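[1] prediction below, plus the sequence it came from.
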Amino acid sequence: MSHYPVLRMRRARAAGWSRRLHAETVLTPADLIWPLFVTDGDGEEPIATLPGVSRWGLRGIADRAREARELGIPCIALFPNTPAGLRSERGEEALNPDNLMCRAIKAIKDAAPEIGVLTDVALDPYTSHGHDGLIDEAGYVMNDDTAELLVAQALVQAAAGADIVAPSDMMDGRVGRIREALEDEGHVNVQIMAYAAKYASGFYGPFRDAVGSRGLLQGDKKTYQMDPANSEEALREVALDLDEGADSVMVKPGLPYLDIICRVKTAFQVPVFAYQVSGEYAMIEAAVAAGAGERDALVMETLMAFKRAGCSGVLSYHAPHAARLMGA
Ligand code: PBG
């Protein structure tokens, strides 16, 4: 007796209990890293291009840390909006042990010491030209001189209590130099999450508004961030950062680069994180505002996609909303 169809794939999808039973990927609040913007002011500053996201003063940051704890979000990523008067050609404010970033790290550790703090290592929130490093007369971002400053910046952050330093600048060789310096200074348990495959992307616009670097940025970042055309190059970047001592690697942006996440995970079997960046968040919010999609569904589907592609976790501005949807 022959049956048609041979196998009914829909059988397992027919009831909710069965769909739950067959789910291959799980998403929990523990998969989330919540990026937060810090401001010198005391209140809450909404960011026009990131509707629903604000910059927070130190008290607000402490409140967000408590909120993360309640929601089961394990880690917060910090980005400072450095006051204009403190930005300079060489970004010296990055090395000030009492800068906004260091004060925010301490505020979080005071409010919720069990929350991990991830800090961005790059000079763009501190430079008057908006680049991630030092520029020469031609405007070229100088690699080795920048790396030296990044080492000092990472040490300042580690001394303030950062748990994970995350170099996002794409200079060559900086992971190894930062690792060595952290070891020398006794920060043996401070992790490095390398922005290993970071693309020169059109999706960073709202972030640059949030940290106040958009109007300052001269030119683009194509001489250090990756070409969206490339994936073999991403594997070489990841291999180098791992050789230099990265504990985990990041792919950024997120959704347009799921193929990269999958290839990196398959090739290296190391913890891989995705950054669902500001432009991706804004795109979802714009779709919702236009009535083209439903927020909860879009948020959960995109986050699940990162897990399915092989991510250990995701940096997402939707983190608190997603954690609430997960029933936290
Ligand atoms: C810069 C940095 C950027 C982001 C994180 N760190 C922007 C850039 O490279 O210009 C973008 C994150 C986002 O868009 O959400 N070091």
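    Received the coordinates, thanks.

[2] would you mind finding the longest helix in the chain?
    In the chain, assigned by DSSP state H, the helix with the most residues is helix 143-160.

[3] export the helix or strand following that one as CSV, just CAs?
    Toward the C-terminus, helix 143-160 is succeeded by strand 164-167 as the next helix or strand (DSSP states H and E). Extracted in CSV, the C-alpha atoms of strand 164-167 (Å, rounded to 0.1, in the frame of the first residue of the first chain):
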residue,chain,number,x,y,z
ILE,A,164,34.9,42.2,28.8
VAL,A,165,36.8,44.6,26.7
ALA,A,166,35.7,44.7,23.1
PRO,A,167,38.0,46.3,20.6
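
[4] list the helices and strands strand 164-167 packs on?
    When contacts are defined as 3 or more CB pairs under 8 Å, 6 or more residues apart in numbering; DSSP states H and E, strand 164-167 packs onto strand 116-121, helix 143-160, helix 174-184, strand 191-198. Yep, even glycine has a C-beta here, placed from its N, CA and C like the rest.

[5] and the ones you listed as TSV, adding distance to residue 84 and mean neighbour count?
    Shown next, in TSV, are those (distance: least, CB to CB, whole Å; neighbours: other CB atoms under 10 Å):
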stretch	distance to residue 84	mean neighbour count
strand 116-121	19	24
helix 143-160	20	21
helix 174-184	27	20
strand 191-198	26	26
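
[6] looking at the ones you listed, spot the one closest to the ligand.
    strand 116-121 (5.3 Å; CB to the nearest ligand atom).

[7] and that closest one, is it in reach of the ligand?
    Yes - using CB under 6 Å from any ligand atom, strand 116-121 reaches the ligand at residue 120.

[8] show me what that strand is packed against.
    strand 75-80, helix 100-111, helix 143-160, strand 164-167.

[9] re the thing from before, so what touches the longest helix of the chain?
    90-91, 94-97, 99, 101-102, 105-106, 119, 121-123, 132-134, 165, 167, 169, 171-174, 177-178, 181-182, 185, 187, 190 (CB atoms under 8 Å, 6 or more residues apart in numbering).

[10] which stretches of the stretch 1-150 of the chain have low pLDDT?
    Across the stretch 1-150 of the chain, the ranges flagged by pLDDT under 70 are 1.
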